[in-house]
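> Mind looking at a prediction? Sequence and model below.
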Amino acid sequence: MPELPEVETVRLGLERHLLGKSILEVELRRDDLRFPFPKGFSESLRGRRVISVDRRAKYLLIRLDSGLTWLCHLGMSGRWTLIGEKTSSRPGRFSNGAPVGSGDGPHDWVIVHLEDGCVAVFSDHRRFGFMDLFSTERQDSNKFLQGIGPEPTPDQLTPSELADSLRGKRTPIKSALLDQRVVAGLGNIYVCEILHRARVSPRRKATNVAGKSGVSRRVERITASTHDVITEAIDAGGSTLQDFRGVDGEDAIGYFIHNFQVYGREGDDCLNIDCKGVVKRIVQSNRSTFFCPNCQN
């Protein structure tokens, strides 16, 4: 599933192509994705101008001049492709030869026609993605967005806030950091990397990491590592996902994959300079966790 840096990469691409443009028409090739489309969805988008493209956690938020926000979640395999005079689509092909993201592909479900002749295509062959439409001023009460924790960035996530969220939680710290109510947008790959940089065992209970009061050294290290990992991953265009594509139709593997310290490196030497350990893989909550048992404690 695309994690926050991948979604941010898509946001930047959509912003570049959609900002300031009016929507002429929206074609829905089916009535639902993971959930049904909101009633009157196409009609509410028709004729509206895009005034900004934002993100909250893993949700794309396309703001319209009507005071509405168009929410999009990519799910596991959702992707946007932009087609036009200055934008070409070169995605992979499925066995029937129809190009995904062309507007005529077998999994192209939402086709957005823009005023300048460009077309934005949302494709999702697993259909775990979804869309919603709501009044921007009521964002905090939206069923998908309410209760989400702070963004994992220096301007929002503080050590004291993280400590307060972790205190009392008896789940492993790995599971706690994946809880969107604790920190917004973190996924499996980046939490493994964060905990390794912070030298904190993924097995340690969240409440023990937080300590009884104040801010523990472990919380300080996790907060700093979170800021660093997410910032670096966004700058690198994300990491890697099998089905992930950029909005121009190209594979969007991202360069952060080359910075992985533990993820996917089971049996390899730990990359911390002063460590002689070997990366191990365990399963937590049905997800693979990669860590170094020697330096993460």
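Cool, got the structure.
> Show the residue spans covered by the strands in the stretch 51-200 of the chain.
59-64, 68-73, 79-83, 108-114, 119-123, 130-135 (DSSP state E, counting those that start in this stretch).
> Show me where the stretch 101-250 of the chain dips below the pLDDT cut-off.
Per-residue confidence of the stretch 101-250 of the chain (counting by pLDDT under 70) places the weak regions at 101, 238-250.
> Can you show me the helices along it?
Read by DSSP state H, counting those that start in this stretch, the stretch 101-250 of the chain holds these helices, from start to end of the chain: 159-166, 173-178, 188-198, 206-210, 217-235.
> mind giving me CSV with these and columns for mean neighbour count?
C-beta here means a position set from N, CA and C on the backbone, and glycine is covered the same way. Shown next, in CSV, are these (neighbours: other C-beta atoms under 10 Å):
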stretch, mean neighbour count
helix 159-166, 19
helix 173-178, 23
helix 188-198, 25
helix 206-210, 21
helix 217-235, 20
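> right, and those - which one's nearest residue 80?
Across those, the minimum distance to residue 80, taken as C-beta to C-beta, is reached by helix 217-235, at 17.5 Å.
> any idea how far the closest one is from the chain center?
Per C-alpha atoms, centre = their mean, to the nearest Å, the displacement of helix 217-235 from the mean C-alpha position of its chain is 16 Å.
> Let me see the residues that make contact with it.
For helix 217-235, the external contacting residues (C-beta atoms under 8 Å, 6 or more residues apart in numbering) are 4-5, 8-9, 152-154, 157-159, 162-163, 166, 173, 177, 183, 185-186, 190, 193-195, 197-200, 204, 209-211, 239, 254, 256, 259.
> related to what we said a few turns ago, let me have the strands of the stretch 51-200 of the chain in TSV, extended by mean neighbour count.
Compiled in TSV, the strands of the stretch 51-200 of the chain are given as follows (neighbours: other C-beta under 10 Å):
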stretch	mean neighbour count
strand 59-64	22
strand 68-73	21
strand 79-83	25
strand 108-114	21
strand 119-123	24
strand 130-135	18
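> Residue 279: which of those strands is closest?
strand 79-83 (30.4 Å).
> Quick one: end-to-end length of stretch 129-147, please.
Taking C-alpha to C-alpha, to the nearest Å, the span from the opening residue of stretch 129-147 to its closing residue is 20 Å.
> Please name the residues that touch residue 201.
Neighbouring residues of residue 201 by C-beta under 8 Å, 6+ apart: 173, 195, 291, 293, 296-297.
> Recalculate using a threshold of 6 Å.
With contacts defined as C-beta atoms under 6 Å, 6 or more residues apart in numbering, the neighbours of residue 201 are 296-297.
> any idea how far it lies from residue 8?
Look at residue 201 and residue 8: by C-beta to C-beta, to the nearest Å, they are 29 Å apart.
> and of the strands of the stretch 51-200 of the chain, who's closest to residue 21?
Comparing the strands of the stretch 51-200 of the chain by their distance to residue 21 (C-beta to C-beta), the top pick is strand 108-114, with 4.8 Å.
> pLDDT score for residue 98?
pLDDT for residue 98: 49.
> meant to ask about residue 33
In the prediction, the pLDDT value recorded for residue 33 is 96.
> Also the one 5 residues further on?
Looking at residue 38, its pLDDT reads 96.
> so the residue lying closest to it once chain neighbours are set aside bridges to which residues?
Computed as C-beta to C-beta, 6 or more residues apart in numbering, the closest residue to residue 38 that is not its neighbour in sequence is residue 133, at 4.7 Å. Partner residues in beta bridges with residue 133: residue 70, with DSSP bridges as the criterion.
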